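Asker: Return atomic coordinates for the entry below.
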Amino acid sequence: MTTPGSATTSQPATSVAPAPAGAPRRLGPLGSPGSLGPVGLVLAGGISVQFGGALAVTLMPRAGALGVVALRLLVAAVVLLLVCRPRLRGHSPTDWGTVVVFGITMTGMNGLFYQAVDRIPLGPAVTLEVLGPLALSVLASRRAINAVWAALALAGVFLLGGGGFSSLDPTGAAFALGAGAMWAAYIVFSARTGRRFPQADGLALAMAVGALLFLPLGIAESGAKLLDPVTLGLGAAVALLSSVLPYTLELLALRRLPASTFAILMSLEPAIAAAAGFLVLDQALTAMQAAAIALVIAASMGAVRTQVGRGRGRKKTAALESTGLEG
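Answerer: Numbers count the residues shown, from 1 in each chain. Presented below is the predicted three-dimensional model:
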């Protein structure tokens, strides 16, 4: 599951002073040793998220899916509020409306996803979930090549479901697809929140909104089980692994890493989830499921690269027009 680091992609990149004359030219984000830092941070964040999800699956028998989500959101909200200390005054009604919707989409994304992994393996769940952002990318681009990426993704989903989802629980698959739709909405509102709130203030406030909305559901399902010391400890670990740590790593990485590269790295999450499911939960994939995940990853990376190429083409055209050299 992608993370709220996407909220920062809407912020302008930090300006960097030009290198002195004669200094070695820095290569692209994947082309120099110095750039391995931010890429490593993103990958570490992805590993943290998926292994946190695997830990959450082991906690579900103790606290239930809704209880685990409530603990995750509550602990993450408390930590982020203490660290960010967001300002509550000076925001317009539109600002508050945006952060509330952001919190609702975050809550829906987490709640639906944890319902999914309570029924189907982690790798297939993340693969189905990533279709939401993929669909958003394809629709936003409207280029013919994206029909190829969409067809590739659909082929992956067909294989993942064994030709009709006979190998996956239909309810779990539906929850994963719903989480993907909420993920797409989350991306939209995280960007809007990032434009309206400084630093990670909007994220902290949205997390608090999500925690307040979901806590009654967690209490209704799990009740006093949430107060068990072992459950609280494991819930805090899930919150740190799935929310606090990856969000922090991504915020640091996005200061030096282009959003396009970040998005491509996020496409690898189904593979990381499959590895976490195998190592922590002993959830082995069939050859067909592994091929399906590979197809969806390829479709996601292709769609992102198409978007990046389109953006570069527009910039080049604008530059030529400004100099009168086009045509």
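
Asker: was I right about A173 contacting L128?
Answerer: Yes - between A173 and L128 there is a contact under C-beta atoms under 8 Å: 6.0 Å. Where C-beta positions appear, they are placed from N, C-alpha and C, glycine not excepted.

Asker: okay, and the common contacts of those two?
Answerer: A116 (C-beta atoms under 8 Å, 6 or more residues apart in numbering).

Asker: quick one: which of those two has more around it?
Answerer: For A173 and L128, the more surrounded residue by other C-beta atoms under 10 Å is L128, and the numbers stand at 30 against 21.

Asker: And the pLDDT for the more buried one?
Answerer: Note for L128: predicted pLDDT of 85.

Asker: Then A237?
Answerer: 92.

Asker: Excluding chain neighbours, what is closest to it?
Answerer: L55 (6.2 Å; C-beta to C-beta, 6 or more residues apart in numbering).

Asker: In contact with the one you found, which residues?
Answerer: With C-beta under 8 Å, 6+ apart, L55 has these contacts: 234, 237-238, 241, 280.

Asker: for F214, same thing?
Answerer: If you count contacts by C-beta under 8 Å, 6+ apart, then F214 has 66, 69-70, 73, 107, 110-111 around it.

Asker: With L73 as the reference, measure out to it.
Answerer: Distance, F214 to L73, using C-beta to C-beta, to the nearest Å: 5 Å.

Asker: G277 too?
Answerer: 22 Å.

Asker: More neighbours: which of those two?
Answerer: L73 (28 against 25).

Asker: do you know how far the more buried one is from A56?
Answerer: 12 Å.

Asker: pLDDT score for the nearest residue to L66 once chain neighbours are set aside?
Answerer: Closest residue to L66 in three dimensions, ignoring its sequence neighbours and counting by C-beta to C-beta, 6+ apart: E221, at 4.2 Å. The score at E221 is 89. That number is its pLDDT.

Asker: And for G108?
Answerer: 93.

Asker: Could you give me the buried positions within the helix or strand containing it?
Answerer: For G108, the element it lies in under DSSP states H and E is helix 93-117. For helix 93-117, the neighbour count (16 or more other C-beta atoms under 10 Å) marks 95, 98-117 as buried.

Asker: again with stretch 233-243
Answerer: 234-243.

Asker: List just the nearest of those to L152.
Answerer: S242 (28.6 Å; C-beta to C-beta).

Asker: and the closest one, what does it touch?
Answerer: 1, 48-49, 52-53, 56, 72, 76.

Asker: about what we covered before: my read: the residue nearest to L66 touches G67, true?
Answerer: Yes - if you go by C-beta under 8 Å, E221 and G67 touch, sitting 5.5 Å apart.

Asker: Tell me which of the two has more neighbours.
Answerer: A count of neighbours by other C-beta under 10 Å puts G67 above the other of E221 and G67, at 26 against 17.

Asker: sec struct for the nearest residue in space to the more buried one that is not next to it in sequence, please.
Answerer: In space, G67 comes closest to S222 once its chain neighbours are excluded; the distance is 3.3 Å by C-beta to C-beta, 6+ apart. Under the three-state scheme (DSSP: H, G, I helix; E, B strand; the rest coil), S222 adopts helix.

Asker: Same question for L88.
Answerer: coil.

Asker: Mind pulling up the pLDDT for it?
Answerer: So L88 comes in at 89 (pLDDT).

Asker: and the one helix or strand V280 maps to with helix 93-117, angle?
Answerer: Here V280 sits within helix 269-281, counting by DSSP H and E. Put simply, helix 269-281 runs at 50 degrees to helix 93-117, going by axes from the mean of the first three to the mean of the last three C-alpha atoms, to 10 degrees.

Asker: Return the set of buried residues in helix 269-281.
Answerer: Under 16+ other C-beta under 10 Å, the buried positions of helix 269-281 are 269-278, 280-281.

Asker: So what's the gap between that helix and the chain middle?
Answerer: With C-alpha atoms, centre = their mean, to the nearest Å as the basis, helix 269-281 stands 16 Å off its chain's centre.

Asker: same question, stretch 271-283
Answerer: 18 Å.

Asker: Now tell me what touches it from outside.
Answerer: Taking C-beta under 8 Å, 6+ apart as the rule, stretch 271-283 contacts 46-47, 49-51, 53-55, 57-58, 121-123, 125-127, 284-285, 290, 293-294, 297.

Asker: Right, I'll call it a day here.
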